[in-house]
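>>> return atomic coordinates for the entry below.
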Amino acid sequence: MRRLDIILMTYGCISYCIKQIDQSNYSSAYVSGMREDLNMTGKEYNWLGTYFTIGYAVALIPSQIMMLKVKAGIWLPSLELIWGILTGLCAIVTDVKQMYAIRFFIGFMEASSWPGMLTVLMNWYTPTELGTRAALFGAAGTAGNMFTGFMQAAIYKNMQGTHGLPGWKWLFIFNCIMTIIVALAGYFVIPDTPTNGGARWMSKEEVQLSQQRMERIGRETRHKFEFSDFKKVYLDYRFWAFALAYVPWAWGLLSTSYFNLWLETIKRADGTRRYSIPQVNLIPLGGYAIQIVTMLLYARISDITGKRWMVCVFQQICGLFGCIVLSVWPSSVPFLFTAFFIMFSVAATGPILMSWMADMWNQYPERRAIITGSIVVLVYANNAWMPLFIWPVTEAPNYRYGYKIATMFQGVSLIGILLFKFIDQRIKKKEDISDDGGDVMAFSN
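Below is the predicted model of the structure:
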């Protein structure tokens, strides 16, 4: 366990941190000079996110299938190496259309990162361990967003104009270098499944012990992928209940993505901007810090108590409150700050839901991989167009429909969580009857 945490989790967290930096750095660059240098107008900011999302959604399920055919230690770092190079190319663009193309292919390559590494973790950690590790992994992405703010603020202050380059271009250059280094390390660190030999840094005894740990909880890690598994997943009502819980939750979290756009519009009494460019990049770090703490805290509670549904319900109630406040858009700046920070905390729901899903499909690694990819496709397929119509940058910061629709999403997610809990409880009751000798066919079949 210590070696898994020190080596695998440390690498996974660093890799995901880098991934989040490469995904979101355009937002910091936008408010730090890129908008002016590329003459961006209208919804072009939204389109940068949309092209990334399209690439991400297109590649997700194919990437998860490849994870069942190619060793994770080869597949994941290879894609990271490619998107690292593409990130560096963002520093040489001369117009926004070139940035659109690069963002699409970065999204295409990054599609492997989050679901791929989470699939790896499901093969090595038990139900009493996975929620905390999934949350730690998710928190690393939040740390990446925080680091982007710190880094962009420092670069804008110290490197603006160095060698004739604006600060926002140096951000992409540094991101490129970091990503390539981490990708090269992945070829050594990322393990295959316990049944397929693990990794080079593991001894035979450790691999055997990991196999025994998975067998003890009834979790299968040997891949037996067939295309008929897609049919089995999509015709399983449990999948759609899980999607109802997870997907609207993720859509509702878009409400935190425009925090910095609000910050740059806040004025003093004399009409001047209250916050400078470095401050606009740094203030959201408070929200990311809250996100990290709540992710780890709630996931640990769910692992210890086994009451994943109760933690998720509490989170969604908080999400409803935060979205309602933002929908009303009160004139009080402190009240709006509070609502935004509450919404940052709701990100803790995701890792718990994914751990709950792994418990439900304990014996089917190929279905876990398909479900993980499919759920994220559903999220990103809608994230590709929603910002253009629900969160248009031309309406920032008080969107006509954005926060109201986010409120609806949080409410639907709450219903999905309760439904998924009802199904889970019913399955366990059937299994208990079967274990006692009843003539009942287990739902897991």
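>>> got the residue ranges for the strands in the protein?
Under the criterion DSSP state E, the chain carries no strands.
>>> so where's it shaky on pLDDT?
Low-confidence segments of the chain, defined by pLDDT under 70: 148-149, 223, 431-445.
>>> show me which helix runs longest in it.
helix 402-435 (DSSP state H).
>>> give me every residue that touches the closest residue to residue 73 other than its chain neighbours.
In this structure, residue 73 finds its nearest non-sequential neighbour in residue 190, 4.1 Å apart by CB to CB, 6 or more residues apart in numbering. C-betas here are computed from N, CA, C, even on glycine. Counting by CB atoms under 8 Å, 6 or more residues apart in numbering, residue 190 touches 8, 11, 72-73, 76-77, 117, 120, 199.
>>> and those as JSON lines, adding distance to residue 356 and neighbour count?
Listed next are the contacts of residue 190 as JSON lines, based on distance: CB to CB, whole Å; neighbours: other CB atoms under 10 Å:
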{"residue": "8", "distance to residue 356": "22", "neighbour count": "23"}
{"residue": "11", "distance to residue 356": "25", "neighbour count": "18"}
{"residue": "72", "distance to residue 356": "23", "neighbour count": "23"}
{"residue": "73", "distance to residue 356": "27", "neighbour count": "19"}
{"residue": "76", "distance to residue 356": "24", "neighbour count": "27"}
{"residue": "77", "distance to residue 356": "29", "neighbour count": "22"}
{"residue": "117", "distance to residue 356": "18", "neighbour count": "26"}
{"residue": "120", "distance to residue 356": "18", "neighbour count": "21"}
{"residue": "199", "distance to residue 356": "27", "neighbour count": "17"}
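>>> from the residues you listed, which ones fall inside helices?
Using DSSP H, the contacts of residue 190 in helices are 11, 72-73, 76-77, 117, 120.
>>> which of those residues lies closest to residue 176?
residue 77 (15.3 Å; CB to CB).
>>> relative to residue 14, how far out is the closest residue to the closest one other than its chain neighbours?
Closest residue in space to residue 77, ignoring its immediate chain neighbours: residue 186 at 3.1 Å, by CB to CB, 6+ apart. From residue 186 over to residue 14 the distance is 10 Å, taken as CB to CB, to the nearest Å.
>>> coming back round to it: just how off-centre is the longest helix of the chain within its chain?
Distance of helix 402-435 from the chain centroid (CA atoms, centre = their mean, to the nearest Å) equals 21 Å.
>>> show me what contacts residue 58?
By CB under 8 Å, 6+ apart, the residues touching residue 58 are 108, 111.
>>> mind running it again at 10 Å?
Residues in contact with residue 58 (CB atoms under 10 Å, 6 or more residues apart in numbering) are 104, 107-108, 111, 377, 380-381, 384.
>>> before we move on, what about residue 120?
Neighbours of residue 120 in contact, by CB under 10 Å, 6+ apart: 8, 12, 67, 72-73, 76, 137, 190-193.
>>> let's see 8 Å
By CB under 8 Å, 6+ apart, residue 120 lies in contact with 8, 12, 72, 76, 190-191.
>>> same question for residue 64.
115-116, 119, 369-370, 372-373.
>>> can you check residue 339 too?
Residue 339 makes contacts with 321-323, 325-326, as judged by CB under 8 Å, 6+ apart.
>>> let's go with 6 Å and repeat that
Each residue near residue 339 by CB atoms under 6 Å, 6 or more residues apart in numbering is listed here: 322, 325-326.
>>> ok, which stretches of the stretch 51-200 of the chain are helices?
72-89, 96-110, 113-122, 127-158, 167-189 (DSSP state H, counting those that start in this stretch).
>>> show the backbone phi and psi for the closest residue to residue 368 other than its chain neighbours.
Nearest residue to residue 368, sequence neighbours excluded (CB to CB, 6+ apart): residue 361, at 5.1 Å. For residue 361, the backbone dihedrals are phi -110, psi 50 (criterion: degrees, to the nearest 10).
>>> the closest residue in space to residue 396 that isn't next to it in sequence - how many residues pack around it?
Leaving out its chain neighbours, the residue that sits closest to residue 396 by CB to CB, 6+ apart is residue 261, at 4.3 Å. By other CB atoms under 10 Å, 19 other residues sit near residue 261.
>>> go on, the one 5 residues further on?
Residue crowding around residue 266 was assessed by other CB under 10 Å; the count is 13.
>>> quick one: residues contacting it.
Residue 266 touches residue 274, counting by CB under 6 Å, 6+ apart.
>>> ok, residue 186 and residue 14, which is more surrounded?
Neighbours were counted for residue 186 and for residue 14 using other CB under 10 Å; residue 186 has more, 23 against 19.
>>> quick revisit: export the contacts of residue 190 as JSON lines, with columns for distance to residue 92.
Below are these laid out as JSON lines (distance: CB to CB, whole Å):
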{"residue": "8", "distance to residue 92": "35"}
{"residue": "11", "distance to residue 92": "30"}
{"residue": "72", "distance to residue 92": "32"}
{"residue": "73", "distance to residue 92": "31"}
{"residue": "76", "distance to residue 92": "27"}
{"residue": "77", "distance to residue 92": "24"}
{"residue": "117", "distance to residue 92": "30"}
{"residue": "120", "distance to residue 92": "34"}
{"residue": "199", "distance to residue 92": "36"}
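>>> with the contacts of residue 58 in mind, which one is nearest to residue 400?
Within the contacts of residue 58, proximity to residue 400 (CB to CB) peaks at residue 384, which comes in at 20.1 Å.
>>> kindly provide the distance from the closest residue to residue 268 other than its chain neighbours to residue 265.
Excluding its sequence neighbours, the residue lying closest to residue 268 (CB to CB, 6+ apart) is residue 274, at 5.3 Å. Remark: distance between residue 274 and residue 265 (CB to CB) = 9 Å.
>>> same question, residue 324
Distance from residue 324 to residue 265, by CB to CB: 21 Å.
>>> can you check residue 50 too?
Taken as CB to CB, the span from residue 50 to residue 265 is 22 Å.
>>> tell me which of those two has more neighbours.
Taking neighbours as other CB under 10 Å, residue 50 and residue 265 compare with residue 50 leading, 21 against 13.
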